[in-house]
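Visitor: build me a model from this:
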Amino acid sequence: GDGAAAAPASTLAAAAAAADASSGAEKEGGGPKKEEAERKAAAGLSLLEAAKRSIAEGGAAAVRKRDEEDATRKAVEEKARAEAEQKRLAEEKKKKEIEERSRAEAEERAKQEAARARKEIEERARAEAAERKA
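Guide: Numbers count the residues shown, from 1 in each chain. Next comes the predicted model:
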């Protein structure tokens, strides 16, 4: 990942140089130079270990960060989906209410129309009956 690419090159170079110095000192056959080389080598190895650990921790942190970002993105998407569904349901409900109201109004108009027609027919029938009597 990104952690490996960001490895401290200077740390790795220092570790490599210390290792080289150590192997060079061994050929010379000891003495203070050898001790110094061993000390540098040990320091270099601990630097190398620290660099490796740093890289591993950086990689783990990057993975954690990516996981957190994924979880956040999924939560945001889920919330948006839920809100869209809520909106759709609300619009559907409103549409049904409007249709229901329209249907009820149409029924009421039909009833009134039927009542008016019945009234007209009754009045006509009464008028005809009155004419026949006369």
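Visitor: burial count for residue 99?
Guide: Using other CB atoms under 10 Å, residue 99 has 10 other residues around it. In this view, the C-beta of every residue, glycine as well, is placed from N, C-alpha and C.
Visitor: so who does it touch?
Guide: The contact partners of residue 99, by CB atoms under 8 Å, 6 or more residues apart in numbering, come to none.
Visitor: gap between residue 111 and residue 118?
Guide: 10 Å (CB to CB, to the nearest Å).
Visitor: with residue 45 instead?
Guide: 108 Å.
Visitor: so between these two, which is more surrounded?
Guide: residue 45 (14 against 10).
Visitor: for the helix or strand where the more buried one lies, give the mean pLDDT please.
Guide: According to DSSP states H and E, residue 45 maps onto helix 32-133. Mean per-residue pLDDT for helix 32-133: 92.
Visitor: so how far is that helix off the chain centroid?
Guide: Per CA atoms, centre = their mean, to the nearest Å, the displacement of helix 32-133 from the mean C-alpha position of its chain is 13 Å.
Visitor: most remote residue from this protein's center?
Guide: The C-alpha centroid of the chain is most remote from residue 134, which lies 88.8 Å away (CA atoms, centre = their mean).
Visitor: contact partners for it?
Guide: Counted by CB under 8 Å, 6+ apart, residue 134 has zero contacts.
Visitor: and the gap between it and residue 128?
Guide: 11 Å.
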